[in-house]
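Engineer: Task: produce atomic coordinates for the following.
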Amino acid sequence: MNIDARLLASVVDFAPDALLVVDEAGLVVFANRAAKALFGTSELVGEPVETWIPKRFREAHVRHRTRFASAARSRPMGVGAWLPVLRADGVERLAEISLAPLSSESGGAFVVALRDMSERVHGGHLNEGLQIFDEQLRYLYINAVAAEQGRRPREELLGRTFAECYPGVEQTPLYATLQEVLREGGSRVLENEFRYPDGRVGWFELRMGRVPEGVMIVSFDITARKHLELQVRRMHRMDAVGKLAGGLAHDFNNLLTVVKAHASFLQEDLPADDPLRADVEAIVTATDRASDLTHRLLGFARPLPTTNLGSVSVVKALGELARMLRRTLGEAVLLELSFPPDVGHVGIAATNFDQVVVSLILNARDALRAGKGRIVVEAEVTQVTEGWLEPRAVALTPGEYVVVSVSDNGVGIPADVLERLFEPFYTTKGEGRGTGLGLSTAWGLVAQTGGTIRVYSEVGIGTTFRVYLPRTEGAAESPSLPHAASTRGRGELILVAEDQVSVREVFVRTLKGAGYEVVAVASATEAMERLAVLGERVALLVSDVVMPRTSGLELAEKARALRPELEVLLVSGFTPRSLEGEGLDPRDLPVLVKPFSPDTLLRTVRGLLDDV
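Structural biologist: This is a model prediction of the structure:
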């Protein structure tokens, strides 16, 4: 198909990109309308192309043009090649450039396509940083955004090499990439970690491309995005560690149940004056302490729902804690409180609130230099919105929160430690100075409320922990387990479902010894089969919550469908509230928490049966 030459000329003339044809001598022989608009003049044809290049770049541009003409090849738009251009009025513009040689008959002429970048310029400045280096990587140009990103004035950089401005940069992947672009041409994209003069760290996406003068870098600040990615990774890691800790703690609770039960059996059999009783009591005490550790782990691993958590007056609780802690901290530590009187209440158990705040204050004390310094505890009401949450990847739902902050002017926390700060058993304290469970427990207790903890720290300056707790008007506590005075059975039949043999044996020995008839099975399926056969004879179903295939919660639901009036006692290493998310109502299905003593089991069972 033949295209009319006039039609072709019209298409080229009205093309949106600026088009120039430059001959082998470097003279402009054609310019379309967009080119005349870009350069602000119609007097382009016949002029050297370097006329429209800023003076400081002209010499390098001549060398680059000559080199291109000797081995011309097409360089399409969009590969990162940009060129500073000079308008007739003296104003500089930045254009993306594409080059293509004409036919061999043209004698070395080539086509230049320029795409004006002015739509990305606001108030005369690019939104991105722009730096241009010569072939020795000497700063030729740096815009205001790039200078601000690096937090160094342009005058301090211009005319100096990259290595002079940033000693040691020669050993970095960035420097190697710049050398590669100079040597091979083309464009590269690199994410670069940058340490500011004040020690802070920022992240930038760098787009590098060959230009006539040397190499150009366009920099995008992606620090906020990197922080977001870091928080998401931290949340995923915490979740994985929590699941691991929860599984270990659950299994350990089963072992503790057996140890505690058999120690209690020994206590019952030994005479009051037997010297071995002291050893047995030491075993019981040790299991109680171990139980406390496992429950702290489970609190970290299994965030609780936000219902029925209790209510704490923040002002009152902080005031009481301050009076107690000032004596503990000593005169060398200044403890300051700052909050308005109308902060209100938060939805958390009072003991849990105290534990979180005390843990943070004691950690702040340990961070002070030589045990001397200042700790500030603040509280304020804040409204968390979708807009606030979007860039932060914080596990909160929109609503009203009280933020309790604990700040110190201590040594600060390095970035590698911040990464693992809330992991169970992770500690930077010396041997024997900590379990590594303080902050992980605080995290778990706060997560139970639907809140979170955020940390900001600068090495050498200090640290601030911000605890977000849902603001509330108060909530009723769940009723406690029935606890009868008597421990004796009256021949009632109790169906026990427990998959761990050793724990099942504890149930059988304890309940039979107290006068109950016991049928014990290892699974929910067996329990339902026995219940169907035994029918009304079963007075109580006792089931472990965590069992293979069918959980104790599902078993309770099926058993109640068959026998709506059947009493059910669930047994778990998890607390009752942590199971609410699985469909449990603790007011309807009581939970006995492992490890328990035989006496506690018997009084709970008796209390449930007496309530029928």
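Engineer: so which strand or helix has the residue lying closest to L83 once chain neighbours are set aside?
Structural biologist: Closest residue in space to L83, ignoring its immediate chain neighbours: I97 at 4.4 Å, by CB to CB, 6 or more residues apart in numbering. To be clear about C-beta, it is placed using only N, CA and C from the backbone, and glycine gets the same treatment. Assigned by DSSP states H and E, I97 falls within strand 92-101.
Engineer: so what does that strand touch, helix or strand wise?
Structural biologist: For strand 92-101, the packing partners by 3 or more CB pairs under 8 Å, 6 or more residues apart in numbering; DSSP states H and E come out as strand 82-86, strand 110-116.
Engineer: For that strand, buried residues please.
Structural biologist: 93-99, 101 (16 or more other CB atoms under 10 Å).
Engineer: which other residues reach the strand or helix carrying L541?
Structural biologist: Using DSSP H and E, L541 sits within strand 538-544. For strand 538-544, the external contacting residues (CB atoms under 8 Å, 6 or more residues apart in numbering) are 492-500, 503, 507, 519, 524, 527, 530-531, 552, 555-556, 559, 563, 566-572, 605, 608-609, 612.
Engineer: Among those, which lie within strands?
Structural biologist: In this view, those that belong to strands under DSSP state E are 493-497, 519, 567-572.
Engineer: mean confidence score for the strand holding L541?
Structural biologist: Mean pLDDT, computed over strand 538-544, is 94.
Engineer: Who does it pair with, and is each partner parallel or antiparallel?
Structural biologist: Sheet pairing of strand 538-544 (DSSP bridges) gives strand 493-497 (parallel), strand 567-572 (parallel).
Engineer: With distance to A415, mean pLDDT and mean neighbour count added, can I get those in JSON lines?
Structural biologist: Shown next, in JSON lines, are the strands paired with strand 538-544 (distance: least, CB to CB, whole Å; pLDDT from 0 to 100; neighbours: other CB atoms under 10 Å):
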{"stretch": "strand 493-497", "distance to A415": "49", "mean pLDDT": "95", "mean neighbour count": "23"}
{"stretch": "strand 567-572", "distance to A415": "38", "mean pLDDT": "90", "mean neighbour count": "23"}
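Engineer: Adding distance to G319, write those strands out as CSV.
Structural biologist: Output for the strands paired with strand 538-544, formatted as CSV (distance: least, CB to CB, whole Å):
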stretch, distance to G319
strand 493-497, 48
strand 567-572, 36
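Engineer: So for R151, which of these sits nearest?
Structural biologist: Closest to R151 of the strands paired with strand 538-544, according to CB to CB: strand 567-572, at 54.4 Å.
Engineer: which helices and strands does the helix or strand that comes right after the closest one pack with?
Structural biologist: For strand 567-572, the following helix or strand on the C-terminal side (DSSP H and E) is strand 591-593. If contacts are counted by 3+ CB pairs under 8 Å, 6+ apart, strand 591-593 sits against strand 567-572, helix 598-610.
Engineer: can you rerun that using 7 Å?
Structural biologist: Strand 591-593 sits against strand 567-572, with contacts defined as 3 or more CB pairs under 7 Å, 6 or more residues apart in numbering; DSSP states H and E.
Engineer: V215: which element?
Structural biologist: With DSSP H and E as criterion, V215 is part of strand 214-221.
Engineer: Identify the neighbouring strands of that strand in the sheet and state each direction.
Structural biologist: Assessed with DSSP bridges, strand 214-221 is paired to strand 129-134 (antiparallel), strand 201-211 (antiparallel).
Engineer: Packed most tightly, which of those would that be?
Structural biologist: Across these, the average number of neighbours (mean count of other CB atoms under 10 Å) peaks for strand 129-134, which reaches a mean of 22.
Engineer: quick revisit: deepest in the core, which of the helices and strands packed on strand 92-101 is it.
Structural biologist: Using mean count of other CB under 10 Å, strand 82-86 ranks as the most buried of those, with a mean of 22.
Engineer: So which residues make contact with that strand?
Structural biologist: With contacts defined as CB atoms under 7 Å, 6 or more residues apart in numbering, strand 82-86 is touched by 38-39, 52-54, 57, 92-97, 114, 209, 211-212, 216.
Engineer: remind me which residues of the stretch 401-550 of the chain are low pLDDT?
Structural biologist: Counting by pLDDT under 70, the stretch 401-550 of the chain shows low-confidence ranges at 424-425, 428-436, 474-485.
Engineer: go with 50
Structural biologist: For the stretch 401-550 of the chain, the stretches with pLDDT under 50 are 475-479.
Engineer: What segments of it are helices?
Structural biologist: 415-418, 438-448, 501-513, 524-534 (DSSP state H, counting those that start in this stretch).
Engineer: ok so, going back, export only the CA atoms of the strand holding L541, formatted as CSV.
Structural biologist: The C-alpha trace of strand 538-544 is given here as CSV (Å, rounded to 0.1, in the frame of the first residue of the first chain):
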residue,chain,number,x,y,z
VAL,A,538,-23.9,-40.5,81.7
ALA,A,539,-24.1,-37.7,84.2
LEU,A,540,-21.1,-35.7,82.9
LEU,A,541,-18.9,-35.5,79.8
VAL,A,542,-15.3,-34.5,80.4
SER,A,543,-13.3,-33.8,77.2
ASP,A,544,-10.0,-32.4,76.2
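Engineer: Quick check: the farthest pair among the ones in strands among the contacts of strand 538-544?
Structural biologist: Pairwise distances across the ones in strands among the contacts of strand 538-544 peak at 22.8 Å for L493 and S572 (criterion: CB to CB).
Engineer: Please report the distance of the residue lying closest to G460 once chain neighbours are set aside from L334.
Structural biologist: On the basis of CB to CB, 6+ apart, the spatially nearest residue to G460 that is not a chain neighbour turns out to be G412, at 5.6 Å. The spacing between G412 and L334, counted by CB to CB, to the nearest Å, is 18 Å.
Engineer: One more: S70?
Structural biologist: Counting by CB to CB, the gap between S70 and L334 amounts to 74 Å.
Engineer: returning to that earlier point: for the residue nearest to G460, list the residues it contacts.
Structural biologist: Applying CB under 7 Å, 6+ apart, we find G412 in contact with 457-463.
Engineer: what do you get if the cut-off is 8 Å, keeping everything else the same?
Structural biologist: 367, 457-463.
Engineer: what about it, distance to V377?
Structural biologist: Distance, G412 to V377, by CB to CB: 18 Å.
Engineer: Let's have the ones in strands among the contacts of strand 538-544 in a markdown table, adding distance to G168.
Structural biologist: Below are the ones in strands among the contacts of strand 538-544 laid out as a markdown table (distance: CB to CB, whole Å):
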| residue | distance to G168 |
| --- | --- |
| L493 | 79 |
| I494 | 73 |
| L495 | 72 |
| V496 | 69 |
| A497 | 66 |
| V519 | 75 |
| E567 | 73 |
| V568 | 68 |
| L569 | 67 |
| L570 | 62 |
| V571 | 61 |
| S572 | 56 |
